[in-house]
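> 3D model of this:
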Amino acid sequence: MFVARAYEERFLWVGAEEFRRVLAAAVALLAAVGAVSWAFQLQLARGFVVLALPLATALTLMLRYGHRSWLHRRRAEGKFLQTAIIVGHRNGVVALHEQIDREAYHGYRVIGCCLPPAVAGSQPLAFDGLPVLGSLEEVVDVVREYQVDTVAVLPSPELDGPALRRLGWELEKTEAELLLAPAVTEIAGPRVRIRPVCGLPLLHLERPELRGVRRLTKESFDRSAAAAGLLLLAPLLVALALVVGLTSRGGVFYRQERVGRDGQTFEMLKFRSMVAGADRLVGDLDSRSDGNGVLFKMKGDPRVTHIGRVLRRYSLDELPQLINVVRGDMSLVGPRPPLPSEVERYGFDMHRRFLVKPGITGLWQVSGRSDLSWDDSVRIDVRYVENWSLTFDFMILWKTLGAVVRGAGAY
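Numbering: from 1, shown residues only. Predicted coordinates:
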């Protein structure tokens, strides 16, 4: 674990890198044990290789996951946080501050910001709820005075190459770490690489892998897993269909036109959770919407049946969408399938989501669902498309279990 750098703080508690390094250490250890035992003809017990080392790896992963979950809960309570300041211009400070607050489990508490001299001089007290602690030239002094743990620097013309390099040198004399926010903030680590070009370390932004073998692998997994799910859940699906049909008038299934990959429409299936003809009542309830201005959502919607509230609470009404996955209209994981009326109101960025199939679950579902603002919904859908991978899908599927149990944003 030490050789694989699995104890370094920057790899701990957030993201998949910690678990990847644990697995890499385990594989390296198994390879080393096998090579040494073969080279020196050691009579090593098979149980050690087949049972002990794999079990130690599994228990290590479980322990680290448990510790991570415990730490995230404590951070949500305001404990074990690192102090941070944001350095840059107003718009960037606002966006990064919102992002840090939104994902508090990363462990940063922003105590203030440093703005360009002209801005700092005209706004001496606070900005976006943050104290203005100084100008860009006073970052190091602010770090020393407030004992700051982390300095997050946003792109700005005042902090060009030489200025940023000097700031890094000065911060080396303190305990603070320096984080640089790239302009492509929604692009995750797997697509960003440091690439030496003409003697300069430049960021290389790889293309999103939405075609070829990886896409075929995703579709094969989606369809086979959905087919297996339909077989395993057949008794539950039959029981839910009977309950829906016997407790209220109307059909068992609710069919609705949605927009899928490449802007093609398809008929999405759900168990009916509302009274028959609920679509015609939307206009009467539009003024009472609890949605985000584009999506109509309403807590305590009078159109929802009694059994429908249970189905929605645990997302059981969405199980028939496994049929859509088998048909090839949807994926297990992807952006939320939008209505044609919503697509008419999309901006340029939001059309990026049509590069992939919509999903039964996705980042939207595990990040708050109906409680999200429209801007957050756009950001999350675009983030998924830009950073898609099978590992990302598996992570979302795992988080979906917790989101379904909690039922946050499900109404």
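
> Identify the residues contacting the residue positioned nearest the centre of the chain.
Residue closest to the average C-alpha location in the chain (CA atoms, centre = their mean): residue 363, at 5.3 Å. Residues counted as contacts of residue 363 (CB atoms under 8 Å, 6 or more residues apart in numbering) are 335, 380-381, 383-384, 396. All C-beta spots, glycine's among them, are computed from the backbone N, C-alpha and C.

> repeat that for 7 Å
Contacts of residue 363 were listed using CB atoms under 7 Å, 6 or more residues apart in numbering, and they are 380, 383-384, 396.

> again with residue 263
Residues near residue 263 by CB under 7 Å, 6+ apart: residue 354.

> returning to what we had before: in JSON lines: the contacts of residue 363, plus distance to residue 235.
Putting those into JSON lines (distance: CB to CB, whole Å) gives the following:
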{"residue": "380", "distance to residue 235": "34"}
{"residue": "383", "distance to residue 235": "37"}
{"residue": "384", "distance to residue 235": "32"}
{"residue": "396", "distance to residue 235": "27"}
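
> Looking at those, which is nearest residue 137?
The closest of these to residue 137 turns out to be residue 383 (CB to CB; 34.1 Å).

> measure that closest one to residue 248 for me?
Plainly put, residue 383 is 38 Å away from residue 248 if you go by CB to CB, to the nearest Å.

> Am I right that residue 154 is in contact with residue 88?
Yes - here residue 154 reaches residue 88: they are 2.9 Å apart, a contact under CB atoms under 7 Å.

> Excluding residues flanking it in the chain, which one is nearest residue 71?
residue 13 (5.6 Å; CB to CB, 6 or more residues apart in numbering).

> Show me where the stretch 101-250 of the chain has its helices.
Assigned by DSSP state H, counting those that start in this stretch, the helices in the stretch 101-250 of the chain fall at 117-122, 139-146, 161-171, 212-232, 234-247.

> Can I get the last one as CSV, trimmed to CA atoms?
Put plainly, it is helix 234-247. Output in CSV follows, covering the C-alpha atoms of helix 234-247 (Å, rounded to 0.1, in the frame of the first residue of the first chain):
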residue,chain,number,x,y,z
ALA,A,234,-41.0,-10.8,-13.1
PRO,A,235,-42.9,-11.8,-9.9
LEU,A,236,-42.6,-8.2,-8.5
LEU,A,237,-43.6,-6.7,-11.8
VAL,A,238,-46.7,-8.9,-12.1
ALA,A,239,-47.6,-8.0,-8.5
LEU,A,240,-47.2,-4.3,-9.0
ALA,A,241,-49.2,-4.5,-12.2
LEU,A,242,-52.1,-6.1,-10.4
VAL,A,243,-52.0,-3.6,-7.6
VAL,A,244,-52.0,-0.6,-10.0
GLY,A,245,-54.8,-2.1,-12.0
LEU,A,246,-57.0,-3.0,-9.0
THR,A,247,-56.6,0.1,-7.0
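
> Tell me which residues are up against it.
252, 271-272, 305, 307, 316, 319.

> Reformat the residues you listed as a markdown table; add secondary structure, neighbour count and distance to residue 244.
Converted to a markdown table, these look like this (DSSP: H, G, I helix; E, B strand; the rest coil; neighbours: other CB atoms under 10 Å; distance: CB to CB, whole Å):
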| residue | secondary structure | neighbour count | distance to residue 244 |
| --- | --- | --- | --- |
| 252 | coil | 14 | 5 |
| 271 | strand | 24 | 5 |
| 272 | coil | 24 | 6 |
| 305 | coil | 20 | 8 |
| 307 | helix | 19 | 6 |
| 316 | helix | 22 | 10 |
| 319 | coil | 19 | 11 |
